[in-house]
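J.: Here's my sequence, what's the structure:
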Amino acid sequence: SFGTRNLKINSKSNGNNNKKRGERREGLRLLGGGGTLDVSGSGLCAGLEMAVSRNQSGMGAHRVSGTWVLLLFSFLSVAQGAGRMLVLLENTNMKETHSMFFSSLTDLGFNLTFKISDDPGLSLIKYGEFLYDHLIIFSPSVEDFGGNINVDTISTFIDGGGNVLVAASSDIGDPLRELGSECGIEFDEEKTSVIDHHNYDISDPGQHTLIIADNEQLLKAPTVVGKQPKNPLLFLGVGMVADPDNPLVLDILTGSSSSYSFFPDKPITQYPHGVGKNTLLIAGLQARNNARVVFSGSIDFFSDAFFNSPVQKATPGAERFSKTGNYELAVALSRWVFKEEGVLRVGKVSHNPVGETKPPNAYTITDLVEYNIVVERLTNGKWVPFDGDDIQLEFVRIDPFVRTYLKKKGGKYSVQFKLPDVYGVFQFKVDYNRLGFTHLYSSTQVSVRPLQHTQYERFIPSAYPYYASTFSMMVGLFLFSVVFLHMKEKEKAE
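T.: Reported below is the predicted structural model:
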């Protein structure tokens, strides 16, 4: 809340004090309403723009001090950059057993709020507004969330653009199983584990459930998994299977060809839920609204014990590593799922006829047009130019009439092309969808008209034969007329 003392207004007019106080109150009302600023983003920007434009209009008007304008925008950038994150824990001890992972999130600038998953005061949405930007569920065995949080609430949160990280275990409860089904992920039954008799750690107690995953089992997408960790990964938990009809699911970490998911203390009497590389250890989802969700079958994957544990396959001559690669992968996944990586946005878009600087009211068929678009990528909290060579532009009416690649030119992408010989309402459309990146879409509507009657060619080359036939008929008629009029038949002799 910003009081009157926090807003500095310089006056150039010679009006009375009451008039000045009234204008100050008006400026405060426009900025926040009753001395309170809306720092949600658009509210502050809109109010500030209104106040500045109001104060700058007219002779002798008041203006907002530039120092305070910069202060307000700085406050806005901090408010938008700090991600509010709700962490639902199985118990309070997890803050200590998973402290390295939570510290990495704090280092990224997130504001973490820890709650027990069955806390009766839990709330994710209040008065139609999301109280948090991100959600972490580290309570695998929860049967009922506290407060007003349930699977429907979390689904609504995802539909609204929220990002979720879920970690399960062999003691998985029904809410996480139902949430996975909503996102195209099917968990195996309770008390089951991923088993691998060929790739288990030397410290495994004998059930071969403490398995080792190699880098080859990771998704080939550096945007999602970062740089591939040099050390193997340690996993202990439940297996998952992706819905084959859901194209949005990402197989981030799969089991080896010898892995399967079943009850570790029972003989196999039926076909396992997941077999081989079809068994998912970690899965991801990027929804059509760019919301991201990551499911891990192992809560221990993010623990300090697994981060610092030495790892060695229980095979003769296997190499021993001083620690796992879990920490590097966990940090990379958290950066991706909470949109610190793989985020694109469209900057300035412009189009104009070649040789001109401004777009016309309507283009003419076969015009030579130049299109420019700025694409930026979020890197370390800053927007930098995106470096890609596979961005395409389509010139669409109902179907694309032109499809061409955009070439990077300085800090923007541009291309020149000739408009089709078809008039109508068209769109410059950029629809960029790549693995690990947010969906980038830009559409600009323009009109294309036919040639005006003064723009047509006076003589069309393809019509020259018709021109020749016309003039030949005229010449022929003239000659025939001359001959007909001046030719006199000889008189017949009597």
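J.: and the closest residue to Leu285 other than its chain neighbours, helix, strand or coil?
T.: Distances taken as CB to CB, 6 or more residues apart in numbering put Val293 closest to Leu285, at 4.4 Å, once the chain neighbours are dropped. (Glycine included, C-beta is placed from N, CA and C.) Under the three-state scheme (DSSP: H, G, I helix; E, B strand; the rest coil), the conformation of Val293 reads as strand.
J.: mind listing the helices for the stretch 101-250 of the chain?
T.: Counting by DSSP state H, counting those that start in this stretch, the stretch 101-250 of the chain has helices at residues 151-159, 174-182, 222-225.
J.: Helix 151-159 and the second one, what's the angle between them?
T.: Orientation note: helix 174-182 sits at an angle of 40 degrees relative to helix 151-159 (axes from the mean of the first three to the mean of the last three CA atoms, to 10 degrees).
J.: Can I get helix 174-182 as CSV, trimmed to CA atoms?
T.: Output for helix 174-182, consisting of C-alpha atoms alone and laid out as CSV, is shown next (Å, rounded to 0.1, in the frame of the first residue of the first chain):
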residue,chain,number,x,y,z
ASP,A,174,-5.6,-42.1,-5.1
PRO,A,175,-5.5,-38.3,-5.6
LEU,A,176,-2.1,-38.4,-7.4
ARG,A,177,-3.2,-41.3,-9.4
GLU,A,178,-6.3,-39.4,-10.5
LEU,A,179,-4.3,-36.3,-11.2
GLY,A,180,-2.0,-38.4,-13.4
SER,A,181,-4.9,-39.7,-15.4
GLU,A,182,-6.1,-36.2,-16.0
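J.: and it, what does it pack onto?
T.: helix 151-159, strand 163-167, strand 185-187 (3 or more CB pairs under 8 Å, 6 or more residues apart in numbering; DSSP states H and E).
J.: ditto for the first one
T.: For helix 151-159, the packing partners by 3+ CB pairs under 8 Å, 6+ apart come out as strand 125-126, strand 163-167, helix 174-182.
J.: What is the neighbour count of the nearest residue to Val194 once chain neighbours are set aside?
T.: Nearest non-adjacent residue to Val194, counting by CB to CB, 6+ apart: Gly239, 4.4 Å away. For Gly239, the count of nearby residues is 31 (other CB atoms under 10 Å).
J.: ok, Gly239 touching Gly255?
T.: Yes: using CB atoms under 8 Å, Gly239 makes contact with Gly255 at a distance of 6.9 Å.
J.: which residues do those two both contact?
T.: Listed as contacting both Gly239 and Gly255 by CB atoms under 8 Å, 6 or more residues apart in numbering are 194, 261, 274, 279-281.
J.: can you put these in CSV and add distance to Lys339?
T.: CSV is the format used below for these (distance: CB to CB, whole Å):
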residue, distance to Lys339
Val194, 29
Ser261, 31
Gly274, 29
Thr279, 28
Leu280, 22
Leu281, 23
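J.: which of those residues tops the neighbour count?
T.: That'd be Val194 among those, by other CB under 10 Å, with 32 neighbours.
J.: ok, the nearest residue to Gly276 once chain neighbours are set aside - how many residues close by?
T.: The shortest distance from Gly276 to any non-neighbouring residue, by CB to CB, 6+ apart, is to Ser257 (4.9 Å). Ser257: 14 surrounding residues under other CB under 10 Å.
J.: Any chance of JSON lines for the helices and strands packed on helix 174-182, columns mean pLDDT and distance to Thr92?
T.: Formatted as JSON lines, the helices and strands packed on helix 174-182 follow (pLDDT from 0 to 100; distance: least, CB to CB, whole Å):
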{"stretch": "helix 151-159", "mean pLDDT": "93", "distance to Thr92": "22"}
{"stretch": "strand 163-167", "mean pLDDT": "95", "distance to Thr92": "16"}
{"stretch": "strand 185-187", "mean pLDDT": "93", "distance to Thr92": "25"}
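J.: Give me whichever of the ones you listed is most buried.
T.: Greatest average neighbour count among the helices and strands packed on helix 174-182 goes to strand 163-167 (a mean of 25), per mean count of other CB atoms under 10 Å.
J.: Contact partners for Gly255?
T.: 194, 196, 211, 213, 217, 239, 261, 274, 276-281.
J.: Give the buried residues for stretch 204-211.
T.: 208-211 (16 or more other CB atoms under 10 Å).
J.: okay if I get the contacts of Gly255 as CSV plus pLDDT and distance to Thr404?
T.: Below are these laid out as CSV (pLDDT from 0 to 100; distance: CB to CB, whole Å):
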residue, pLDDT, distance to Thr404
Val194, 94, 47
Asp196, 91, 48
Ile211, 94, 48
Ala213, 92, 42
Gln217, 91, 38
Gly239, 93, 45
Ser261, 91, 47
Gly274, 88, 43
Gly276, 88, 42
Lys277, 90, 38
Asn278, 92, 39
Thr279, 93, 42
Leu280, 94, 38
Leu281, 95, 41
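J.: Can you flag which of those residues belong to strands?
T.: 194, 196, 211, 213, 261, 280-281 (DSSP state E).
J.: tell me the centre residue of this structure?
T.: Centroid check for the chain by CA atoms, centre = their mean gives Thr438 as the closest residue, at 2.2 Å.
J.: and that one, how far is that from Leu218?
T.: Remark: distance between Thr438 and Leu218 (CB to CB, to the nearest Å) = 21 Å.
J.: now do His453
T.: 64 Å.
J.: ok, the two, which is more surrounded?
T.: More neighbours surround Leu218 than the other of His453 and Leu218, with 24 against 6 (other CB under 10 Å).
J.: what's the neighbour count on Glu129?
T.: 8.
J.: With Thr92 instead?
T.: 9.
J.: a strand runs through it, doesn't it?
T.: No: counting by three-state DSSP, Thr92 falls outside a strand, being coil.
J.: Now do the same contact list for Ile212.
T.: So Ile212 contacts 196, 199-201, 232-235, 311, 313 (CB under 8 Å, 6+ apart).
J.: try 10 Å this time
T.: Contact analysis of Ile212 by CB atoms under 10 Å, 6 or more residues apart in numbering lists 196, 198-202, 204, 231-235, 256, 311-314, 318, 321, 324.
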